[in-house]
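>>> Quick one, structure for this:
(4 chains)
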There are 4 protein chains.
Amino acid sequence: MALNPPLNRKLRMGLVGGGPGSFIGPVHGIAAEFDHRCTLTAGVFSSDPERSKKAAPSYGVDESRTYGNYEAMLDAEARLPDDERVDFISIATPNHTHYEIAKAAVEAGFNVVCDKPITLDLAQAESLLKTIENSDVVFALTHNYTGYPMIRQAREMIQAGELGKINAIRCQYIQGWLAGTSEDDGGQLSAWRTDPAKSGAAGTFGDIATHAFQLGRYVTGELPESVSCHLKTFVPGRRLDDYGTAVIRYQDGAIGVLTASQVTHGRENDLELEVDGTLASLKWRQESPNELVVRRAGQPHQIYTRSPGTGTMTPLAEASSRLPAGHPEGFYDAFANLYNAVFDDITLRASGAAFERRDTVYPNVYDGVEGMLFIQQCVASSEQDAAWMPLNYAEARQ
Amino acid sequence: MALNPPLNRKLRMGLVGGGPGSFIGPVHGIAAEFDHRCTLTAGVFSSDPERSKKAAPSYGVDESRTYGNYEAMLDAEARLPDDERVDFISIATPNHTHYEIAKAAVEAGFNVVCDKPITLDLAQAESLLKTIENSDVVFALTHNYTGYPMIRQAREMIQAGELGKINAIRCQYIQGWLAGTSEDDGGQLSAWRTDPAKSGAAGTFGDIATHAFQLGRYVTGELPESVSCHLKTFVPGRRLDDYGTAVIRYQDGAIGVLTASQVTHGRENDLELEVDGTLASLKWRQESPNELVVRRAGQPHQIYTRSPGTGTMTPLAEASSRLPAGHPEGFYDAFANLYNAVFDDITLRASGAAFERRDTVYPNVYDGVEGMLFIQQCVASSEQDAAWMPLNYAEARQ
Amino acid sequence: MALNPPLNRKLRMGLVGGGPGSFIGPVHGIAAEFDHRCTLTAGVFSSDPERSKKAAPSYGVDESRTYGNYEAMLDAEARLPDDERVDFISIATPNHTHYEIAKAAVEAGFNVVCDKPITLDLAQAESLLKTIENSDVVFALTHNYTGYPMIRQAREMIQAGELGKINAIRCQYIQGWLAGTSEDDGGQLSAWRTDPAKSGAAGTFGDIATHAFQLGRYVTGELPESVSCHLKTFVPGRRLDDYGTAVIRYQDGAIGVLTASQVTHGRENDLELEVDGTLASLKWRQESPNELVVRRAGQPHQIYTRSPGTGTMTPLAEASSRLPAGHPEGFYDAFANLYNAVFDDITLRASGAAFERRDTVYPNVYDGVEGMLFIQQCVASSEQDAAWMPLNYAEARQ
Amino acid sequence: MALNPPLNRKLRMGLVGGGPGSFIGPVHGIAAEFDHRCTLTAGVFSSDPERSKKAAPSYGVDESRTYGNYEAMLDAEARLPDDERVDFISIATPNHTHYEIAKAAVEAGFNVVCDKPITLDLAQAESLLKTIENSDVVFALTHNYTGYPMIRQAREMIQAGELGKINAIRCQYIQGWLAGTSEDDGGQLSAWRTDPAKSGAAGTFGDIATHAFQLGRYVTGELPESVSCHLKTFVPGRRLDDYGTAVIRYQDGAIGVLTASQVTHGRENDLELEVDGTLASLKWRQESPNELVVRRAGQPHQIYTRSPGTGTMTPLAEASSRLPAGHPEGFYDAFANLYNAVFDDITLRASGAAFERRDTVYPNVYDGVEGMLFIQQCVASSEQDAAWMPLNYAEARQ
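Numbers count the residues shown, from 1 in each chain, chains lettered A, B, ... in the order given. Below you'll find the predicted structure:
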């Protein structure tokens, strides 16, 4: 039970983001430290140096390792000796800042865990990809829903052929927290998400449809070919879409439909995935993440649960479970699973070993580029009366 | 508690269809007799006169009123005295026969209850509409899911403005009984449903997507403007679609998405409707028909149930309930509700009173024409790379 | 498809009860006629002859066959020729009248379908048993929940040994319609149910705990040995229990617990049954009657559904299904299944054939006696500080 | 956002237990560090010093602070300077060791977080209580289910009178992991749990029924009066109960029923609580912990969810939430909530402030004594044919 062998020590994390009012910053902090494999050691918790310092204690970070901007952190940490310097940088800032921070961190030789979407637009993503390919860092993108054990189980069952050939992928990602509100209310969370300069070309489609798209990709491995998309803005005065539906054609004939909303009253975080194959179908809901329903003609419906030790789980799903069946694991646990997979690769790199760059357990820069392509083509399609836009991406994972 | 006042007698039903292996024929029989307002009196249970006679007793129909074809039934029944003749004809035969039977029955002066889809194509439907408009008969189309009390509750809540302006309508109708099978297996049910000559231009979209489309229309009253549709045939050798997704634009800016499948392993009859409004959202599933979930920002989720006498039901929904809360009503009960609304109008006509023809409680010929338009435009759109096809219908109900 | 062969005719039903405000009377009417095997031909719909006559048309019963009291009906019907006389009497009156009506009907040679509980007390039940044993009539007791296909599936799976030896039976029957109300409100339904002279020694335990007890018995065949019971009356002024818990010891070592309430706010008709065996466990809820959850260590949870034709149903369960999977069957459908099993035996008797009297598909007089014993011992136990009371009944079915 | 103000530092934890194969040890480690308020600093991870040392890295504990037994840890830590010494000891060892470790830790002046049940028997618990009362330490007992936000919401709603007077409490705690297995299989988890010398007088009732009992107590504040209990051992050769039902009479007339099983095939960790009041009823299930269903006559069912910021949560429940609605929080999150409440009191003590000892947010030694009384009386009752045993405890919290 050594820790991060052969390093045999906790990894050190530097966090950018996570100041007062942040949702995802604290999640990164908790998830990274979840299994004692990592310590949050340094941080830029706000672009305001005073606020950054005030936030540091709540993360357990010393004032000496608290910085006022990411440049200062990269610079100072790079000068630290090997056994003090942070091993990786986590980026949990608004979308429009991802690119420059990630690029700088990679160029400074740091491994990076970046929140999604990877950048503000496709061009930035492609540029970042080049930077990363020219480096030897580990780069992960926190499409965190891939961390749920039963999502990994779904993926492994499909990889093992249990669903047969994939015919259809249906995704819904329905939220309601932007229903009936305007961005004039001063809410920090909603403000930047609905500002094109900070969020990117899409609102809801950038924020959550990308999660849904990537989840379908991750679970099935189906390669998309083209997309037809319809974006809507229902709340008056909002500058970005808050609702949309995309139809996706996959290269081998499968069809997908994906609807995302942030204006459906009272709906919480209802990401739902259904996959139809020629041998079986499956269904998973993020709000009941410990269950995976699999159906086969002529059999009772089967509910697989996160239940390690019972013989019903696939290998990676079982390895991604901490608690016995019926002890609910949730959002943090899944996020921590993603971090653990990243830690494995950071450890490999730190110990001089090779590591996979494209077909990683965690979403990576290739997924990020593909996600930005998805957003760009969805917006373009929507602007052209839902015309079909190509969605091929030569470097996409399967 | 008189019966069908002022008629004060049971109505008399003549059924066409319902022979051995039929699914929907027996449903019509049970539903029509459910509340003792009607007796199944005459029938053509098969196109084979011998089989027709053999089936009659299971419906409680005398041999003297059992016919070998619909022409014979219409002819003989028309000659019977007023107090013996059937009051209406129910048509539960394969799609391609609806038109000629319905037309003949209407022309013979009989009220008609016709199974959906109304005809084989739009031209037939428009022709039948003219015939009906030139008559004074009651004509109903059994989009039976409108008979569920909680669907009626949803409709009444929306009509009362409880959801505000409608933004979005999401429908899924997912079945699996045609998964992995071929039409060579001799299954009577699946055989005609997948034969273009008997089923019409669409398979799954004609069979079940029309239910879903009509349900959204009935519940919300939103008028459609155009449709973009993608039909797929996943089972090799099948001649009609067995899967499809349609995106619908409504005239006042709402957007809809509708996916129908008959090849999703193990899924049963999962018709699901979600409606988003500016004030609230709702969700209903046919497989749990006694519940309606309504959500409003800032409130706990609310589950309205079929619970007459508790003050939580809308008027028509309450009047459509027979049993106390928690005593499940199901498919037959809802189908019988549809029949009861038809019986009200048949009674009005029989007693010389006026009755509504377009904005009826039950789906009618206008809904039928609109449904055929939907099928035709979905097929046309799908054949043209999902191009937008107009879906306006001047005589559509609101 | 002959009807009730070899009789080849509909059976004729005489109903006692079902006047204005009755819940269960109309249920009997609908359930008996459900499958066209029976016609409601005669009735005493109220003890007030005028009200009885007024109610008759809503059941489709002629004035000539409407009576002012049961004696008149039995007398008149007995005089009718064989081919007009009712085949059986259904009793849907308040509990305290069951005994005299049932006894008279049996003595007059009529088959009887009696609502539960069978009589007001055990002595009456035993007396009625003797009367029945001295007759050759068919006698059924409408513990209607046994009519649900998935209950029959549970029973057949247990009989086939799929659960192994039975260890435990847990039942809850939770309603809320008597919460916070008093019997002074003039509600007809609640009034007699809470009047000891009309309901019997127990309130909620007589009304619904008996259903739950009998359901566990029917599904498992486990023979009870003794009971310890705690009855409570929570609504001030009420004269009978409105809540209670019983612990049951079974003869072979299994243990049961049964809680019934009619004062749990907002709960509807939540009858839930769980059975633990050495090989598997199962769970069923009346409010989702088309599902049966079966769990076995080391397997995914399995949800069996009412899905005829898929190969997952046991024989009687499949034969008790009318509709394809996903088309909800409900309360009436199950009640009709019970009637159908009774019709089979009435037909056997009418055609001179032998029929089973104790191990019937439907609950019968032996179940009725056992149920009255259960009520009596529960009340006695509760009065003696939950002391153990014997619950053996030599003639109980297995 | 200072950390544990006015201490403004992380607390230091010493863990006893948690070696290879332990379930609850790692849970304590993760939960305590969850919110960065604490560092796991020292530990005795196994009674085998070598195994203890091997386990330490996986907790991030230095070898220098890893001990071979608890005496050594207490001794060494007590000698450390104030700013290095652990602030509290967490005990996650088999039941029979709790007493001596807790007693020694308290006597050494350490705050203690002890896993349940508090001791092996009531006498030990009462002895420990005296020790604690003679000290000034903070003592918490990890009945962790009280940490779920929606359990705290239930408690606060009841305290605010929203349910009215409490009539009934129904609890089930159903697991299946001991079904069909024997203790001969070498499973470490099951082995000590079914050994009377290590587990105490009860098996399943000590292990999980105490959780359920305490949860009902915590949520409702109802004081028990007496209990009648039936314990069973279904797996041959097992020496302790693996199933049981208890009926509980509360002092003000409420009635409770509690069934616990560890032998119900396929059931996971199904702890379910239902409470009936004169104004409303509620239901909560541990396997769907983010929901609380509240029902009131005449209203739709209401599902309260963990949804901070929406105005639907009670204060403590809201303060116990980290993530927005729909982002599932689970077992660890709730366990961490319990730790956080303990940290508040540890901080108060460390800074010289007064803190509550009986009516704490977290379960404490009084709850522990009451729990041991519950176990003792359940076993005694079961041995005497379910005779009523007093359950009054003068110092019980309300």
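>>> Check which helix or strand the residue nearest to residue A:10 when sequence neighbours are not counted maps to.
With C-beta to C-beta, 6 or more residues apart in numbering or on different chains as the criterion, residue A:10 has its nearest non-adjacent residue at 4.9 Å, and that residue is residue A:39. All C-beta spots, glycine's among them, are computed from the backbone N, C-alpha and C. In this structure, residue A:39 sits in strand A:38-44 according to DSSP states H and E.
>>> if we can go back for a sec, is the residue nearest to residue A:10 bridged to anything, and to what?
residue A:12 (DSSP bridges).
>>> per-residue confidence at it?
At residue A:39, the model reports a pLDDT of 94.
>>> count of residues packed around it?
As a burial measure, residue A:39 scores 20 neighbours (other C-beta atoms under 10 Å in any protein chain shown).
>>> from memory it sits against residue A:14, does it?
No - shown here, residue A:39 and residue A:14 do not form a contact pair, counting by C-beta atoms under 8 Å, at 10.6 Å.
>>> one step back: give me the next element, helix or strand, following the strand holding residue A:39.
Remark: after strand A:38-44, the chain's next helix or strand is helix A:49-55, criterion DSSP H and E.
>>> Which neighbouring elements make contact with that following helix?
Packing partners of helix A:49-55 (3 or more C-beta pairs under 8 Å, 6 or more residues apart in numbering or on different chains; DSSP states H and E): strand A:38-44.
>>> residues making contact with the strand it packs on?
A:10-18, A:29, A:32-33, A:52, A:55-56, A:59-61, A:65-70, A:72-73, A:77, A:86, A:339, A:343, D:36, D:60 (C-beta atoms under 8 Å, 6 or more residues apart in numbering or on different chains).
>>> Which stretches in chain A count as helices?
Per DSSP state H, chain A carries helices over the ranges A:24-33, A:49-55, A:70-79, A:98-107, A:122-133, A:149-159, A:188-193, A:196-199, A:204, A:210-220, A:315-319, A:331-350, A:365-383.
>>> and the shortest one, does that touch chain D?
No - residues of helix A:204 contacting chain D under C-beta under 8 Å from any C-beta of the partner chain: none, with a closest distance of 14.9 Å.
>>> about what we covered before: hey, least reliable of the helices of chain A by pLDDT?
Mean pLDDT is lowest for helix A:188-193 among these, at a mean of 67.
>>> nearest spatial neighbour of the residue most central in space within chain A, skipping sequence neighbours?
The residue lying closest to the centre of chain A (C-alpha atoms, centre = their mean) is residue A:143, at 1.3 Å. Using C-beta to C-beta, 6+ apart and skipping the chain neighbours, the partner closest in space to residue A:143 is residue A:363 (4.1 Å).
>>> just residue A:316 next, same as before
Closest to residue A:316 by C-beta to C-beta, 6+ apart is residue A:152, at 4.8 Å.
>>> What parts of the stretch 51-200 of chain A come near chain D?
So far as C-beta under 8 Å from any C-beta goes, the stretch 51-200 of chain A lies against chain D at A:54, A:55, A:57, A:58, A:59, A:60, A:175, A:177.
>>> hmm, try it at 7 Å
Contacts of the stretch 51-200 of chain A with chain D, taken as C-beta under 7 Å from any C-beta of the partner chain, map to A:54, A:55, A:57, A:58, A:59, A:60.
>>> For burial, what's the neighbour tally of the first one?
Each residue near residue A:54 was counted by other C-beta under 10 Å, and the total is 17.
>>> how about the nearest residue to residue A:370, chain neighbours excluded?
Closest to residue A:370 by C-beta to C-beta, 6+ apart is residue A:393, at 4.7 Å.
>>> Quick check: that neighbour touching residue A:368?
No - in this structure, residue A:393 is not within contact of residue A:368 by C-beta atoms under 7 Å, at 10.9 Å.
>>> So what pairs up with residue A:250 in the strands?
Bridge pairing for residue A:250 (DSSP bridges) gives the partners residue A:224.
>>> can you pull the contacts of it?
Counting by C-beta atoms under 7 Å, 6 or more residues apart in numbering or on different chains, residue A:250 makes contact with A:222, A:223, A:224, A:225, A:256.
>>> quick one: the fourth one and residue A:389 touch, right?
No - between residue A:225 and residue A:389 there is no contact, the gap being 10.2 Å when judged by C-beta under 7 Å.
>>> For residue A:85, the count of nearby residues, please.
17.
>>> actually residue A:43, not the one I wrote
Residue A:43 has 32 neighbours, counted by other C-beta under 10 Å.
>>> how much space between it and chain D?
For residue A:43, the distance to chain D equals 11 Å [C-beta to the nearest C-beta, to the nearest Å].
>>> Then residue A:159?
25 Å.
>>> For that residue, the count of nearby residues, please.
15.
>>> do the same with residue A:109
12.
>>> Please apply the same query to residue A:309.
Other residues near residue A:309 number 14, with proximity taken as other C-beta under 10 Å.
>>> Same question for residue A:398.
10.
>>> I'd guessed it sits against residue A:221; true?
Yes - the pair residue A:398 / residue A:221 is scored as a contact, 4.5 Å apart, by C-beta under 7 Å.
>>> From residue A:299, how far off is the residue nearest to residue A:301 when sequence neighbours are not counted?
Using C-beta to C-beta, 6+ apart and skipping residues adjacent in sequence, the residue nearest residue A:301 is residue C:303, 4.1 Å away. According to C-beta to C-beta, to the nearest Å, residue C:303 and residue A:299 sit 10 Å apart.
>>> Counting neighbours, go ahead and name the busier of those two.
Between residue C:303 and residue A:299, counted using other C-beta under 10 Å, the more crowded position is residue C:303 (21 against 16).
>>> contacting residues for the more buried one?
With C-beta under 7 Å, 6+ apart, residue C:303 has these contacts: A:300, A:301, A:303, C:291, C:293.
>>> Over to residue A:387?
A:228, A:381.
>>> and it, how far is that from residue A:396?
In terms of C-beta to C-beta, residue A:387 sits 22 Å off from residue A:396.
>>> So if I had to pick from residue A:393 and residue A:368, which one is more boxed in?
Neighbours per residue, other C-beta under 10 Å: of residue A:393 and residue A:368, the larger number sits with residue A:368, 30 against 17.
>>> list the contacts for the residue nearest to residue A:316?
Neighbours of residue A:152 in contact, by C-beta under 7 Å, 6+ apart: A:316, A:317, A:320.
>>> To what extent is the last one buried, counted in neighbours?
Using other C-beta under 10 Å, residue A:320 is surrounded by 27 other residues.
>>> Quick check on it: phi, psi?
phi -90, psi 0 (degrees, to the nearest 10).
>>> Let me know the pLDDT of it.
With respect to pLDDT, residue A:320 has a value of 98.
>>> returning to what we had before: in CSV: the residues of the stretch 51-200 of chain A next to chain D, plus distance to residue A:215.
Formatted as CSV, these follow (distance: C-beta to C-beta, whole Å):
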residue, distance to residue A:215
A:54, 36
A:55, 31
A:57, 36
A:58, 31
A:59, 29
A:60, 32
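>>> Please tell me how far the residue of the stretch 51-200 of chain A found nearest chain B sits from residue A:397.
When distances are taken as C-beta to the nearest C-beta, the stretch 51-200 of chain A reaches nearest to chain B at residue A:167, 4.7 Å away. Residue A:167 is 21 Å from residue A:397, where distance means C-beta to C-beta.
>>> Just want to know which of the two has more residues nearby.
Neighbour totals were compared for residue A:167 and residue A:397, and residue A:167 leads with 27 against 16 (other C-beta under 10 Å).
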